[in-house]
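Student: can you look at this prediction? I've put the sequence above it.
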Amino acid sequence: LWQNVPLAPPDSIFKLTAAYKADTYAKKVNLGVGAYRDDDNKPWVLPVVKKAEQIILNTPALDHEYLPITGLPEFTTAAANLILGSDSRAISETRVTSVQTISGTGANHLGALFLSRFYPWSGNKEIYLSDPTWANHQAIFKNVGITPVNYPYYDPKTIGLDFDGFLSSLKSAPAGSVFLLHACAHNPTGVDPTREQWSTIADAILEKGHYAFFDCAYQGFASGDLDNDAWAIRFFVDKGVNMLVCQSFAKNAGLYGERVGALHIISTSKEAAERVRSQLSVLQRSEISNPPTYGARIVTLILNDPALFDEWKRDIQTMAGRIINMRKQLFKLLTEELHTPGNWDHIVNQIGMFSFTGITPEQSKILTEKYHIYLTANGRISMCGLNSSTIGYFAESLDKVVRG
Ligand code: PMP
């Protein structure tokens with residue numbers, strides 16, 4: 001049996017981590033990591049999470065019963081308020097269907113599955129994905145029979161947004177197309193549209209009756225401000241764009257392995273939202289039956305207790321602040337100390353955990369093979385891999401590689 005099963009290649013990010021771990025060089029650096037690290041290169045359990053865990057431990061009445069199919073109601077309500085804003089009209093008009101999911105990946109999957117079954121496709125089932133995008137997007141949509149199509153996003157010449165290309169794709173796509181949008185801190189480029197550009201994008205989407213599939217994996221983690229990072233989503237809801245939102249608490253609460261997330265589908269009426277809920281329940285039941293409790297309980301405590309919520313905001317600022325500081329330091333090292341050839345403005349202009357350095361795959365390879373610095377071939381670095389001990393070595397190595 002299984003003689004004809006082809007051997008699949010390993011996941012590139014996990015492969016990178018394995019190569020880094022096997023490397024015995026003392027100064028090795030892992031810039032592939034997709035999780036926050038503190039200045040000692042250690043995973044960080046947020047102090048507010050520790051407090052919430054203590055509360056859970058001290059609540060003997062909590063049991064291990066199943067959650068409802070759509071998740072912990074206190075969690076989904078608070079999660080919707082967090083991302084859509086507690087003053088959201090869509091929420092007060094009860095037009096939002098929120099379902100707890102297996103983190104952001106699960107939200108993407110459930111959203112994709114729902115669209116695959118129920119979206120009024122006029123032709124082929126296709127989703128427009130930014131070029132490039134989080135690699136898993138391709139697989140998630142293909143798994144449910146939706147074909148990924150690229151829209152221009154990143155311009156290697158400017159190491160910034162190809163706004164004209166993006167806009168012309170919105171305008172030329174068949175009416176009613178589905179576009180996946182990164183709400184903030186675009187992965188892998190770190191390049192986000194400005195508010196003015198978002199407004200133009202929303203107009204183009206409304207004009208063509210497109211559907212916006214928002215993926216938000218970094219609320220708060222990008223700018224340090226939860227409301228600021230949800231701006232595009234709230235703006236689109238206000239404008240009346242047909243849309244859904246995938247939400248993850250992996251990064252902003254440091255709950256990677258606990259798989260806490262939600263899918264929010266915004267409908268035009270309360271009745272439609274109820275129908276959507278009924279179908280999401282059917283889909284969720286057959287896939288995971290019901291979502292896990294532990295992480296959802298932690299997030300619910302944090303979101304619903306004003307003191308814990310304030311503390312969480314401070315923890316988020318600690319993480320986002322360290323990343324922003326690394327960007328500033330790297331920029332300073334390259335431009336003021338090493339005078340590395342080229343323009344490095346993008347290092348400080350890009351947002352979030354990841355940065356597209358603009359170096360070639362060959363240069364990335366040299367960084368790994370000669371300098372033991374691990375990064376993806378597309379030149380993406382995780383700012384979280386940089387800290388006071390690694391940043392100097394990375395800047396010097398990058399400088400040497402760029403000079404050739
Ligand atoms: N979307 C994007 C764009 C991401 O970068 C990530 C995390 N790498 C996710 C979704 C989902 O992550 P998780 O399933 O851990 O919440």
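Tutor: Nice, thanks for sending it over.

Student: pull out the buried residues from stretch 71-83.
Tutor: By 16 or more other Cβ atoms under 10 Å, the buried positions in stretch 71-83 come out as G71, L72, F75, T76, T77, A78, A79, A80, N81, L82, I83. (C-beta placed from N, C-alpha, C; glycine too.)

Student: just how off-centre is that stretch within its chain?
Tutor: How far stretch 71-83 lies from its chain's middle: 18 Å, per Cα atoms, centre = their mean, to the nearest Å.

Student: spell out which parts of this structure neighbour the ligand.
Tutor: 34, 103-105, 134, 182, 187, 215, 217, 248, 250, 256, 261 (Cβ under 6 Å from any ligand atom).

Student: cross these against helices and list the overlap.
Tutor: Here DSSP state H is the test, and these give S103, G104, T105 as lying in helices.

Student: which pair in the residues of the chain next to the ligand spans the largest distance?
Tutor: Largest separation among those by Cβ to Cβ: H182 and Y256, giving 18.6 Å.

Student: from I324, how far off is N387?
Tutor: Using Cβ to Cβ, to the nearest Å, N387 is found at 14 Å from I324.

Student: same question for A112.
Tutor: Distance of A112 to I324, computed by Cβ to Cβ: 32 Å.

Student: report the distance from the longest helix along the chain to the chain centre.
Tutor: For the chain, the helix reaching the highest residue count under DSSP H is reported as helix 306-332. Centroid separation between helix 306-332 and its chain, computed with Cα atoms, centre = their mean, is 17 Å.

Student: mind listing what's buried in it?
Tutor: So, applying 16+ other Cβ under 10 Å, buried residues of helix 306-332: 308-309, 311-312, 315-316, 319-320, 322-324, 326-327, 329-332.

Student: list the buried residues in whichever helix or strand comes after that helix.
Tutor: Tracing the chain C-terminally past helix 306-332 and defining elements by DSSP states H and E, one meets helix 345-349 next. Buried residues in helix 345-349, defined by neighbour count with 16+ other Cβ under 10 Å: H346, I347.

Student: avg pLDDT for helix 345-349?
Tutor: In this model, helix 345-349 has a mean pLDDT of 94.

Student: who are the packing partners of the helix or strand just after that helix?
Tutor: Going down the chain from helix 345-349, the next helix or strand is strand 354-356, by DSSP H and E. Strand 354-356 sits against helix 345-349, strand 380-382, with contacts defined as 3 or more Cβ pairs under 8 Å, 6 or more residues apart in numbering; DSSP states H and E.

Student: what's the last one in contact with?
Tutor: The one in question is strand 380-382. Under the contact criterion Cβ atoms under 8 Å, 6 or more residues apart in numbering, strand 380-382 has outside partners 30-34, 188-189, 353-357, 375.

Student: what's the helix or strand following that strand packed up against?
Tutor: Where DSSP H and E defines the elements, the next helix or strand beyond strand 380-382 is helix 391-403. Judged by 3+ Cβ pairs under 8 Å, 6+ apart, helix 391-403 is in contact with helix 306-332, helix 361-371.

Student: which parts of the last one are buried?
Tutor: Read that as helix 361-371. Quick answer for helix 361-371 (16+ other Cβ under 10 Å): Q363, S364, I366, L367, T368, Y371.

Student: nearest to V237 among those residues?
Tutor: S364 (38.8 Å).

Student: mind listing what that closest one touches?
Tutor: L375, T376, A377, N378, G379.

Student: of the residues you listed, which is the most crowded?
Tutor: The most crowded member of the contacts of S364, judged by other Cβ atoms under 10 Å, is L375 (25 neighbours).

Student: for that residue, list the residues it contacts.
Tutor: So, once contact is read as Cβ under 8 Å, 6+ apart, L375 ends up touching L16, L31, G32, S364, L367, T368, I381, S382.

Student: reformat the ones in helices among the residues of the chain next to the ligand as a markdown table; add pLDDT, neighbour count and distance to V402.
Tutor: Output for these, formatted as a markdown table (pLDDT from 0 to 100; neighbours: other Cβ atoms under 10 Å; distance: Cβ to Cβ, whole Å):
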| residue | pLDDT | neighbour count | distance to V402 |
| --- | --- | --- | --- |
| S103 | 98 | 25 | 37 |
| G104 | 98 | 25 | 34 |
| T105 | 98 | 21 | 35 |
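
Student: want to try a markdown table for those, with distance to Y25 as columns?
Tutor: Converted to a markdown table, those look like this (distance: Cβ to Cβ, whole Å):
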| residue | distance to Y25 |
| --- | --- |
| S103 | 33 |
| G104 | 33 |
| T105 | 33 |
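
Student: of these, closest to H210?
Tutor: G104 (21.9 Å).

Student: now the closest one. Nearest residue, chain neighbours left out?
Tutor: Of all residues not flanking G104 in the chain, S248 sits nearest, at 2.9 Å (Cβ to Cβ, 6 or more residues apart in numbering).

Student: tally of neighbours for the one you found?
Tutor: Neighbour count of S248, defined by other Cβ under 10 Å: 27.

Student: spit out the contact partners of it.
Tutor: S103, G104, T105, A107, C216, A217, V260, G261.

Student: over to S12?
Tutor: Contacts of S12 (Cβ under 8 Å, 6+ apart): A135, T376.

Student: again, only this time at 7 Å
Tutor: By Cβ atoms under 7 Å, 6 or more residues apart in numbering, S12 lies in contact with T376.

Student: how is the chain divided into domains?
Tutor: 12-44+319-403, 73-304 (automatic domain parsing).

Student: quick one: end-to-end distance for the first one.
Tutor: End-to-end distance of domain 12-44+319-403: 27 Å, with Cα to Cα, to the nearest Å as the criterion.
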